[in-house]
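This is a predicted model, with the sequence first.
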Amino acid sequence: MPRYEYRCRTCGDTFELSRPMAESSAPADCPAGHDDTVKLLSTVAVATGGSSSAPASAPRAGGGGGGGCCGGGCCG
């Protein structure tokens, strides 16, 4: 079940609720009992396995360095 993040405008508390997607826009009471809350926009990072998903400075899996295949382990 998805988790949604909310912030209470009365006390400033941020909290999460697990609820069905169909109820994501429904009002949510904060844990302190206030009802003036707003749903926050959450960002999600999803890795697809493509080479474009890794930042240019991040090492690639299996790279290792040394320039050969598998980091030079099979060269010789």
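Received the coordinates, thanks.

Might you report the residue contacts of Cys30?
Cys30 is in contact with Tyr6, Cys8, Thr10, Cys11, Asp13, Phe15, Thr37, counting by Cβ atoms under 8 Å, 6 or more residues apart in numbering. Quick note: C-beta positions are derived from backbone N, CA and C, even for glycine.

count of neighbours near the spatially closest residue to Arg9 that is not a sequence neighbour?
Counting by Cβ to Cβ, 6 or more residues apart in numbering, the nearest residue to Arg9 once its immediate chain neighbours are dropped is Asp36, at 4.4 Å. Neighbour count for Asp36, taken as other Cβ atoms under 10 Å: 12.

quick one: Asp36 from Val46, how far?
Between Asp36 and Val46 the computed distance is 32 Å (Cβ to Cβ, to the nearest Å).

All the strands of the chain, residue numbers only.
Using DSSP state E, the strands found in the chain span residues 3-8, 14-18, 37-39.

Give me the contacts around the longest one.
Same thing as strand 3-8. 13-19, 24, 28, 30, 32, 34, 36-40, 42.

again, but for the last one
Where contact means Cβ under 8 Å, 6+ apart, the residues beyond strand 37-39 that reach it are Tyr4, Glu5, Tyr6, Arg7, Cys8, Arg9, Ser24, Ser25, Pro27, Ala28, Asp29, Cys30.

how does it look with 10 Å?
With Cβ atoms under 10 Å, 6 or more residues apart in numbering as the test, strand 37-39 has contacts from 4-11, 13-15, 17, 24-30.

And for stretch 16-25?
For stretch 16-25, using Cβ under 10 Å, 6+ apart, the contacting residues are 1-6, 26, 28-29, 31, 37, 39-40, 42.

now the residues you listed as CSV including pLDDT and neighbour count?
Below are the contacts of stretch 16-25 laid out as CSV (pLDDT from 0 to 100; neighbours: other Cβ atoms under 10 Å):
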residue, pLDDT, neighbour count
Met1, 87, 9
Pro2, 91, 11
Arg3, 92, 9
Tyr4, 92, 19
Glu5, 93, 13
Tyr6, 94, 18
Ala26, 89, 11
Ala28, 93, 20
Asp29, 93, 14
Pro31, 94, 10
Thr37, 95, 20
Lys39, 93, 15
Leu40, 92, 12
Ser42, 73, 10
